[in-house]
Structure formats: structure tokens, C-alpha cells
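J.: following is a predicted model, sequence given first.
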Amino acid sequence: MFIDEVSHVAEKLAAVLRVGDVVALSGELGAGKTTLARAVIAALGWAGEVPSPTFNLVQDYPGLRVPVWHVDLYRLETAAEADALGLDEALFDHALLLEWPERLGAALWPEALWLRLEGAGEAARRLTWRVPDAWEGRWPPTLQH
């Protein structure tokens, strides 16, 4: 059931995603951040594999309705290390799906949509969000099936 719900949320998010958007995906290990990011990328039209960016930090998905960088900051020691990734420059022609946004601390864009996944494994899952002004009217969607 979790995968169906994530797919539904991902379709809603993909429908309103724009170039320049930052979606901060927060939650403990195993909460579903990568699952949600993969589902958004698929909903945008990517037919290929969507590997986790844990080791190379960034996966680029060009050619979609909205090109996406899927970014995993888990291995960063400091927020300053993110500067080398070129995230600000990517926002000129991509949206960012950003796992482990907490690693950026105060450097996280204030206009980022913050989605928090709670629960892992067999536990009940919960999705909450923090919506900045840039997302008003786009999020939250109507999540009815």
C-alpha cells in the first residue's frame, strides 16, 4: 500500500513541479525519501533506472518535462561541501529533489518545499510538509484517489 500512496503523491508533485524548485525530502533511514524521489522522476517521464545518488551525490535527469537533479546529501560532513556540487547553478534549468536537506542547515533555500516522511519498515508512514510562499496554491494537492 505504501508504494501506491507514494506514487499518488509523486504524480501530484510532478504535476506542479517547475524549473527552479527545490523539494527537501526529510526523514530517517528507510522512511521512503528515495522511493518518493524515484516516483516523482518516473511521473515526469523517466523510463529508465533511477539509482540512488548516495555515492555520487547527484543524478541528473535531463529531457523531462522538468529536468531534475536527484541529490543525496547524507555523506556530507558540512554544508560548505555542498558548494562544490553546483546546486545553485542547477536551479537555472532544473528542479532539485534533495534528500537529507538537514545537511545544508541554514544554507537550505527558504523557498524549498519541505516534505517529511515518518516511519520506516513495517511502521505506519506519515507525510507532513512545510509550505513556503513560492509553493502556495501548488501544495498541498488534493490527495483523493
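T.: Arrived safely. Residues are numbered from 1 along each chain as shown.
J.: and the strands in this protein?
T.: Using DSSP state E, the strands of the chain run over 22-26, 58-61, 68-72, 95-99, 113-118, 126-130.
J.: quick one: end-to-end distance for stretch 46-59.
T.: One end of stretch 46-59 sits 12 Å from the other (Cα to Cα, to the nearest Å).
J.: can you mark which positions in it are buried?
T.: Of the residues in stretch 46-59, those buried by neighbour count under the rule 16 or more other Cβ atoms under 10 Å are 46, 50, 53, 57, 59. In this view, the C-beta of every residue, glycine as well, is placed from N, C-alpha and C.
J.: nearest to residue 9, of these?
T.: Among the buried residues of stretch 46-59, residue 50 lies closest to residue 9 (Cβ to Cβ), at 16.1 Å.
J.: measure the residue positioned nearest the centre of the chain to residue 22 for me?
T.: Centroid-nearest residue in the chain, with Cα atoms, centre = their mean: residue 97, separated by 3.0 Å. For residue 97, the distance to residue 22 (Cβ to Cβ, to the nearest Å) stands at 9 Å.
J.: before we move on, the earlier item: surely the residue nearest to the centre of the chain meets residue 67?
T.: No: the criterion here is Cβ atoms under 8 Å, and residue 97 misses it with residue 67 at 11.3 Å.
J.: contact partners for the closest residue to the residue nearest to the centre of the chain other than its chain neighbours?
T.: Distances taken as Cβ to Cβ, 6 or more residues apart in numbering put residue 37 closest to residue 97, at 4.5 Å, once the chain neighbours are dropped. Shown in contact with residue 37 (Cβ atoms under 8 Å, 6 or more residues apart in numbering): 25, 50, 70, 97, 99.
J.: can you name the two of the residues you listed that sit furthest apart?
T.: Maximum distance among the contacts of residue 37 (Cβ to Cβ): 13.6 Å, for 25 and 50.
J.: low-confidence bits of this protein, can you list those?
T.: In the predicted model, the chain carries pLDDT under 70 at residues 1-3, 121-123, 142-145.
J.: if we go to 90?
T.: 1-8, 29-32, 49, 51-56, 76-80, 83, 106, 118-128, 140-145 (pLDDT under 90).
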